[in-house]
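*Asks:* My questions concern the predicted model and sequence given below.
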Amino acid sequence: MVYITSWDEFVERSVQLYRATPESTRYVMKYRHCDGKLVLKVTDDHECLKFKTDQAQDAKKMEKLNNIFFTLMARGPDADISDVTGKEPTETQPAKKGRGRKQ
C-alpha cells in the first residue's frame, strides 16, 4: 500500500472509488497517539488509498472529507457534493435547486 501525499488527490480518488463501488467501499480513520499520526484509508478490497499526516491543521480537512462521505452515503453515490466542498458543480454534476421560500 502506497500513501498518497497530496490531500486533493486523495479526496478526488476516494470519491471516485466510492462512486464506482458504493456497496463495498469502506472509509477508515485511525489515530495513533503514541506517534501523533492520523491515517485515513479508503478501500474496496481491490484498491486501497491511504493518507497519513501529523499536522493538527489537517483535522479540518478530515472533517470536510467526513462530510463528503456522509453526503454520498445518505444521498447516494450520484449526489452533488459541491455544497460540501465549496467548489462549483461540474458539467457531469448539475446544481440542484433548493426548495427554500422566496423572499
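*Replies:* Here it is on my side, so go on. Residues are numbered from 1 along each chain as shown.

*Asks:* Going by C-alpha atoms from here, please, whenever you check contacts or count neighbours.
*Replies:* Noted.

*Asks:* and the gap between the residue most central in space within the chain and Lys41?
*Replies:* For the chain, the residue nearest the mean C-alpha position is Leu65 (3.8 Å; CA atoms, centre = their mean). Per CA to CA, to the nearest Å, Leu65 is found 12 Å from Lys41.

*Asks:* any residues in contact with both of these two?
*Replies:* Residues touching both Leu65 and Lys41 by CA atoms under 8 Å, 6 or more residues apart in numbering: none at all.

*Asks:* which parts of the one helix or strand Asn66 maps to are buried?
*Replies:* For Asn66, the host element (DSSP states H and E) is helix 58-75. Within helix 58-75, the residues scored as buried using 16 or more other CA atoms under 10 Å are 62, 65, 68-69, 71-73.

*Asks:* Strands along this protein, start to end?
*Replies:* For the chain, the strands defined by DSSP state E occupy 26-32, 37-43, 48-53.

*Asks:* Ser6: which of those strands is closest?
*Replies:* Proximity to Ser6 (CA to CA) singles out strand 48-53 among the strands of the chain, at 8.2 Å.
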